[in-house]
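Got a sequence here, can you model it:
(chains A and B)
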Amino acid sequence: MIDKVKNGFEIRFPLYKLVREQHNYLHVKVDMVSAMDAIVMAKTSLGHNVLQLISTVDRIEDGVFQITWILENYGACTVLLISADFPRENCLVPSLSQIWPAASAFEREIFEMYGISFPGNPREGEDFLLESWKDTPPMRRDFETEEYAMRVFGERQPREHIDPRQYVGDIVGEWNTPMGRKRKEEK
Amino acid sequence: MYCNQPPEKPGNKKELLEKITNMARANSLWVTAYGTGCGSIELRPLGTSRFDMERFGIAMRPTPRQADVLIISGYLATKTLKRVIRVYEQIQDPKYIIALGSCTINGGMYFDSYNTLNVLDKYLPVDVYVMGCMPRPEAIIDGFSLLMQKIKDGRAHGWKHYKENLDYYRENQKKIITDWDLPDYNW
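Below is the predicted model:
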């Protein structure tokens, strides 16, 4: 099943990188310029016409956002994942909302959580999950969550930690148990 | 001899009346059916036949206008806090708050989250805290009986405290709700 999809990719995008392959699952990586072409090709000629999810990973070490489009073909029961790396600074990714209207919601969520802009999305910038967020987008890895929580929600009483051995150690020493006898011998 | 003695004074009439009304209030706690976090899952077995909270006179109400207890069940997001304040201020006096779980006490496992507040006491007056993650229905019943005892003793006046220190609460609430669109007065 998946061989057909793989062949289709090999003909049109010879520079693609295979990430993972299973009997009904294919994960490929293409460069950022040909990402949109690959998605449109997968929809029109490979039959992967359902957009399941757009997911994002912040790869701060490489300075990129890895965006993955998960496309499914319900007729053939195959899943195709197309990934592409986009530079982290002023990240712009073409919108898919003209092809799949449902993509608009995913893109709004990514815009809110990572600050990635999708030019072409008619509803970009509307509140999705967060209301009037003014700080760095919270899912970016350069966002200091703990520092933010301390600043906004204030100090909290931390949990007390008691070492059980230290706490019951002296009592255990007096008990007539294997552990207690051992401790007596040690003394 | 008994008849010659003057009858004992029943004390201040108002105080006695307050005592009787408190007794009535304690035995008919009506709860707003509003779940904020994971803890509201524990309210379902509490309401149904196994734990059956109606034997204590506790009933669920669909609207805050008919209720006098608000249960903050678990973690509270900043977005939810806005709705909770709206619900709380619509409840008629006297009103009480029961807070469930360690999240409302000091943040619990979400202490460093970007959108859940840590200490609920800063934003709303809490009468009874029930600890646990999550508290079982038995623990919630225990919390309710504690609240009943507090009402009978005339010690459950969180709502009075909220009215008197409205500026303090409003200041804290506005600190985390950046798009404040509630009225500054208390309903």
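
can you give me the strands in the chain?
Chain wasn't specified; assuming chain A. A:17-22, A:25-29, A:50-59, A:64-73, A:78-87 (DSSP state E).

Chain B was what I was after
B:30-32, B:59-61, B:69-73, B:96-100, B:128-130.

Using CSV, lay out those strands together with mean pLDDT and distance to chain A.
(Glycine included, C-beta is placed from N, CA and C.) Below are the strands of chain B laid out as CSV (pLDDT from 0 to 100; distance: least, Cβ to the nearest Cβ, whole Å):
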stretch, mean pLDDT, distance to chain A
strand B:30-32, 93, 22
strand B:59-61, 91, 27
strand B:69-73, 92, 15
strand B:96-100, 93, 14
strand B:128-130, 93, 13
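
pLDDT score for residue 159?
Here I'm looking at chain A. What the model reports as pLDDT for A:R159 is 69.

Chain B is the one I meant
Confidence for B:W159, expressed as pLDDT, is 90.

now swap in the one 4 residues further on and tell me
Per-residue confidence for B:K163 comes out at a pLDDT of 90.

and it, how far is that from B:H157?
According to Cβ to Cβ, to the nearest Å, B:K163 stands 10 Å off from B:H157.

Ok, A:R108 next?
45 Å.

the more surrounded of these two?
Neighbour count, other Cβ atoms under 10 Å in any protein chain shown: between A:R108 and B:H157, A:R108 has more, with 20 against 16.

hang on, isn't the more buried one packed against A:P122?
No: using Cβ atoms under 8 Å, A:R108 makes no contact with A:P122, being 10.3 Å away.

Pick out the least confidently modelled helix or strand of chain A, by mean pLDDT.
Within chain A, no helix or strand scores below helix A:164-174, which has a mean of 66 by mean pLDDT, DSSP states H and E.

Could I get the contacting residues of the residue nearest to A:G115 when sequence neighbours are not counted?
Distance criterion Cβ to Cβ, 6 or more residues apart in numbering or on different chains; nearest residue to A:G115, sequence neighbours excluded, is A:P137 at 4.1 Å. Residues in contact with A:P137 (Cβ atoms under 8 Å, 6 or more residues apart in numbering or on different chains) are A:E112, A:M113, A:Y114, A:G115, A:F143.

Can you list which of the residues you listed are found in helices?
Among those, the members found in helices (DSSP state H) are A:E112, A:M113, A:Y114.
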